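Asker: Coordinates for the following, if possible.
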Amino acid sequence: LSSSHGTFYLFVYATQQPINNVKGSITYNTYLNGSVLVTVIVSLHGELRVSLPLEGQVKAGSIIVLDEHGLPLPYDQNKTTITIYSLNATKITLIYMTQKLVTFTNGIWSLHVKPFLPPTIILPENSILLKYTGNPQIRAENERQTLMVLYTHTQHAQIGFLSHYLLAYAEHLLRDVERLEACYSRVNLSPLGASALGGSTLPLNRLRVAKLLGFDGLVEDSLDAVSSRDFLLEAASTATILMVHLSRIAEDLVIWSSSEFGYVELPDELASPSSIMPQKKNPCILELARSRAGRVCGLLAGLLTSLKAVPTGYSRDLQDTKPPLWEILDLTLSTVKVLTKAFEGLKFNRERMEEKALESYAVALDLAEALIREAGLSLRESHRLVGETVRLALSRGLSLEKAGLGLLEEAAVKVLGRKVKLPAQSFKDAVDPRRSPLKRVTLGSPSPKETTRMLKNLKARLNDSKRRLNARIRALQKAERRLRGRVSKLLP
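Answerer: All right, here's what the predicted structure looks like:
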């Protein structure tokens, strides 16, 4: 179809919902078989713009655009609108998830389905994950002096700084980045040319094909290439571990945002009100992150169960392994995006954190270690003595700092049958919550010196990961340019 306005490209989108607000000089809509919407869109000045509906599961980021050679076309994405540039092709195909779409080319209707996605889907996920990993690292830089309680069993354990918690999050996520990198190196291998499973009598150049398509190498054994799905399981497992980490972070923030804790507050645009209680500010976005992690764990279990009894070779069971992987990756990617935004807007209540730290008995371990170091007690003796001291302080409504050395000596006579020799200044230093993390000497502790060292190390590792990721992306872009160049030479 053509006119003085330019070339018409016809898209048939499989949906029950009409596509509204189509941008272009001329549009034409009709239904085929009551369910498929035909949309004619004008392409002018080398640009095509199509708006997709907000309703349903349609997402611009899930659209694949192919040219007449079946090669992907780049496009910009803005919520529900995609814009494709430099359309000189005679046929364009839009593909969304596993929906069937129809294109109209030179008077001929053609049916298209989405091909299996290459392993490069991991790369954008890793890019966004690197950004999210950097968020706790950046926030940790600003929270080195924010005193807080560190927890075990959700009970007060030791005193530290908020920066220590945030660094732990960053370490979790950086390991996820490293797992994704390692996974990609094993996934980005070409199975093409394996034939049915025993190779081919035709002189197929498997290495050349792998290079043109941007693979790092081959899955050499043809039976392994056809039969194995551990690449899929590894990608799914890596994403699931990441989701478990995100879920645990979300759980911390849900607890910390409660009135009882009051440590954090979500930005208003990411919190939900109650339908009836006007005072509520619910962390629903964090709760959904936990829920999605459960879904991903279930999908991984389903994949493992589906593959456990498939005999070596090819069976149709393997066809059903792809949709769960797509869903796992989609859920993981969207969760990382949402939590990135949540973390950027998170407000920490420093005063509340310090208040809870100052009234905590979490300095008990500092006192026990002081007794071992300076009074010559064994770990067993100091543990019993400090435990009794805390019990007495609790019964009298006193903090260890206010109870003083006299209460420790009273407990020593009761538990050990003798007094202990601990200098008054040593006792005072041991039970001061503000000094507690400053005295730590072990590697990886929340002391300022160790925090500075770990932040520097983490930043370097993040930068290294970004460089490796950018190198992989450049390699794929180079391979795509090489492939397009070779294909163009074959065309008349």
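Asker: Which secondary structure element is home to R175?
Answerer: Secondary structure assignment for R175, by DSSP states H and E: helix 162-187.
Asker: Return the set of buried residues in that helix.
Answerer: Counting neighbours by 16 or more other CB atoms under 10 Å, one finds that the buried residues in helix 162-187 are 162-174, 176-181, 183-184, 187. All C-beta spots, glycine's among them, are computed from the backbone N, C-alpha and C.
Asker: Show me what it packs onto, helices and strands only.
Answerer: Under the contact criterion of 3 or more CB pairs under 8 Å, 6 or more residues apart in numbering; DSSP states H and E, helix 162-187 touches helix 122-142, strand 147-152, helix 230-256, helix 448-490.
Asker: change it to 10 Å
Answerer: helix 122-142, strand 147-152, strand 155-161, helix 230-256, helix 322-345, helix 350-358, helix 448-490 (3 or more CB pairs under 10 Å, 6 or more residues apart in numbering; DSSP states H and E).
Asker: so which of these comes closest to L270?
Answerer: Proximity to L270 (CB to CB) singles out helix 322-345 among these, at 5.2 Å.
Asker: Quick check: mean pLDDT of the following helix or strand past the closest one?
Answerer: Beyond helix 322-345 on the C-terminal side, the first helix or strand identified by DSSP H and E is strand 347-348. Strand 347-348 comes out with an average pLDDT of 93.
Asker: what does strand 347-348 contact?
Answerer: Applying CB atoms under 10 Å, 6 or more residues apart in numbering, the contact partners of strand 347-348 are 139, 142-143, 146, 148, 162, 166, 256-257, 263-267.
Asker: of these, buried ones?
Answerer: Buried residues within these, counting neighbours by 16+ other CB under 10 Å: 139, 143, 146, 148, 162, 166, 256-257, 263-266.
Asker: For N457, state which of those residues is nearest.
Answerer: Ranked by distance to N457 (CB to CB), the buried ones among the contacts of strand 347-348 are led by L166 at 14.6 Å.
Asker: quick one: that closest one and E265, what's the gap?
Answerer: 16 Å (CB to CB, to the nearest Å).
Asker: Check K356 too.
Answerer: 16 Å.
Asker: rewinding a little: minimum distance to A271: which of the helices and strands packed on helix 162-187 has it?
Answerer: Using CB to CB, those put helix 322-345 closest to A271, at 9.5 Å.
Asker: ok and that closest one relative to helix 162-187, angle-wise?
Answerer: 150 degrees (axes from the mean of the first three to the mean of the last three CA atoms, to 10 degrees).
Asker: Now do helix 322-345: distance to the chain's middle.
Answerer: 6 Å (CA atoms, centre = their mean, to the nearest Å).
Asker: cool, and stretch 262-276?
Answerer: The answer for stretch 262-276 is 22 Å, by CA atoms, centre = their mean.
Asker: Show residues contacting it.
Answerer: For stretch 262-276, contacts defined as CB under 10 Å, 6+ apart pick out 146, 148-149, 162, 165, 252-258, 279-288, 338-339, 341-353, 355-356.
Asker: Give me the neighbour count for S258.
Answerer: Residue neighbour count, defined by other CB atoms under 10 Å, stands at 11 for S258.
Asker: And for E359?
Answerer: 13.
Asker: hang on, it packs against S399?
Answerer: Yes: with contact defined as CB atoms under 10 Å, E359 reaches S399; the gap is 6.3 Å.
Asker: rewinding a little: I'd like the contacts of strand 347-348 as JSON lines, with pLDDT appended.
Answerer: Shown next, in JSON lines, are the contacts of strand 347-348 (pLDDT from 0 to 100):
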{"residue": "R139", "pLDDT": "82"}
{"residue": "N142", "pLDDT": "86"}
{"residue": "E143", "pLDDT": "90"}
{"residue": "T146", "pLDDT": "94"}
{"residue": "M148", "pLDDT": "96"}
{"residue": "L162", "pLDDT": "94"}
{"residue": "L166", "pLDDT": "92"}
{"residue": "W256", "pLDDT": "96"}
{"residue": "S257", "pLDDT": "95"}
{"residue": "Y263", "pLDDT": "96"}
{"residue": "V264", "pLDDT": "95"}
{"residue": "E265", "pLDDT": "93"}
{"residue": "L266", "pLDDT": "90"}
{"residue": "P267", "pLDDT": "87"}
